Every structure is written in structure tokens, then in C-alpha cells.
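Chemist: predicted structure and sequence below. I'll ask about it afterward.
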Amino acid sequence: MLGQIELENFTALTEMPQKAASAWSEVERLVGASFKPILYLGTQIVHGVNHWFLAERTIVALNSERRLVKLAVNELGGKFKFVANSVQVVA
């Protein structure tokens, strides 16, 4: 399609800080879509700490398209909770 961005076949992020890896394990528990971490963006101090990732998302459905999304996982008191799946970054 004219003007549409064609996504590359990304290589998943293979190494990240321990806290980021623990946060990412919460994303892996999500149902209905698969996520591949591309980049660990960093942290945001809020009520706890948000760990931000850029990831490739594929919805579990026939003929689904891949999207780049920004994800956040909150860490509070040593526990991790998925808190944000931002609007797609790239179509």
C-alpha cells in the first residue's frame, strides 16, 4: 500500500538489565497477543518505577499484522504489573 511503512524482521532483544528482564516476564504472561522486545527504553519514577519497552506486537488472529508498540510494566514493592500498551508507534 502506498505510504505504508513496511516493518523489518526485528531480532528480539536478548540481553537486558535484571530488573528489566523481571518486568518483561509480566508482558510474556499476557493473552491474545505475542510481544517481542526490541529495545529497553528505560525507567520512569512514578508510584514505584515504570520500565518502558519498545516491542513488536502480533495479535493472535488470522492474518494479523505486526505493530511496534511502547509498553510499560510497573514495579512496586518488588512486584511487577503490566500497566500500559500505548497507541501503536508504527503501522
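Modeler: Thanks, I have the structure now. Numbers count the residues shown, from 1 in each chain.

Chemist: would you map the helices across the protein?
Modeler: 18-27 (DSSP state H).

Chemist: got the contact list for the worst-scoring helix or strand of the chain on mean pLDDT?
Modeler: Lowest by mean pLDDT, DSSP states H and E among the helices and strands of the chain is strand 79-85, with a mean of 88. For strand 79-85, the surrounding residues in contact (C-beta atoms under 8 Å, 6 or more residues apart in numbering) are 22-23, 25-27, 29-30, 50, 57, 69-74. Glycine gets a C-beta too; all of them are placed from N, C-alpha and C.

Chemist: residues of it that come out buried?
Modeler: For strand 79-85, the neighbour count (16 or more other C-beta atoms under 10 Å) marks 80, 85 as buried.

Chemist: against N50, how distant is L71?
Modeler: Separation of L71 from N50 (C-beta to C-beta, to the nearest Å): 10 Å.

Chemist: comparing these two, which residue is more hemmed in?
Modeler: Using other C-beta atoms under 10 Å, the more surrounded residue of L71 and N50 is L71, with 24 against 20.

Chemist: low-confidence ranges in this protein?
Modeler: 1-8, 10, 86-91 (pLDDT under 70).

Chemist: 90 instead, please
Modeler: 1-17, 28-33, 39, 56-68, 83-91 (pLDDT under 90).

Chemist: can you show me the strands along it?
Modeler: 33-46, 48-59, 66-76, 79-85 (DSSP state E).
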